[in-house]
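A.B. asks: Have a look; sequence and predicted model below, questions after that.
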Amino acid sequence: MKATLERINELVRVATLLWPQHRQEDIKGVLTKYINGIHTEVFMHLEDDQVVGLALVSLRHDYVEGCTSSPVGYLEGICILPEYRQAGIASELCKECEMWAKEQDCREFASDCDLNNEASYAFHLSIGFKEISRMIHFRKEL
């Protein structure tokens, strides 16, 4: 189901597991932007009327690795509370994101994960994603 601002504090609690290096106030801002956005959405999963999982999706109009159309539905982040994992919740949330992307006239759906995030990699493969490429980014100060 689509997330609402009435659940923002619960959503922040779950999203903190996804982005532990960020301040809760910053996460709240991102979630609010996605919930209110035109080209973004947040989906949530409830158990016993509590948010236990969330997924953020957007439309990307720029180049998306391996895709040939535009816009592309993009899974920006997905997280389930540890005690609710391995129950199919993430797959359900991803399907909701995919349906939303189809409603936005997307023909392709994409995502990414860190090279060392083996659980995320396995999840993506298990729900039908195909690996397109691997990349390491570099930077240096000038």
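C.D. replies: Cool, got the structure.

A.B. asks: For the residue nearest to the spatial centre of the chain, which non-adjacent residue is spatially closest?
C.D. replies: When C-alpha atoms, centre = their mean is applied to the chain, the residue found nearest the centroid is residue 77 (2.4 Å). Take residue 77 and drop its neighbours on the chain: the residue closest to it by C-beta to C-beta, 6 or more residues apart in numbering is residue 56, 4.6 Å away. All C-beta atoms are positioned from the backbone trio N, CA, C, and that covers glycine.

A.B. asks: what's the neighbour count on that neighbour?
C.D. replies: Residues within reach of residue 56, counting by other C-beta atoms under 10 Å, total 26.

A.B. asks: secondary structure class for it?
C.D. replies: strand (DSSP: H, G, I helix; E, B strand; the rest coil).

A.B. asks: what pairs with it across the strands?
C.D. replies: Beta-bridge partners recorded for residue 56 (DSSP bridges): residue 42, residue 77.

A.B. asks: Is it correct that it is in contact with residue 40?
C.D. replies: Yes. When contacts are counted by C-beta atoms under 8 Å, residue 56 is listed as touching residue 40 (7.1 Å).

A.B. asks: Quick check: neighbours shared by these two?
C.D. replies: Common contact partners of residue 56 and residue 40 (C-beta atoms under 8 Å, 6 or more residues apart in numbering): 34, 76.
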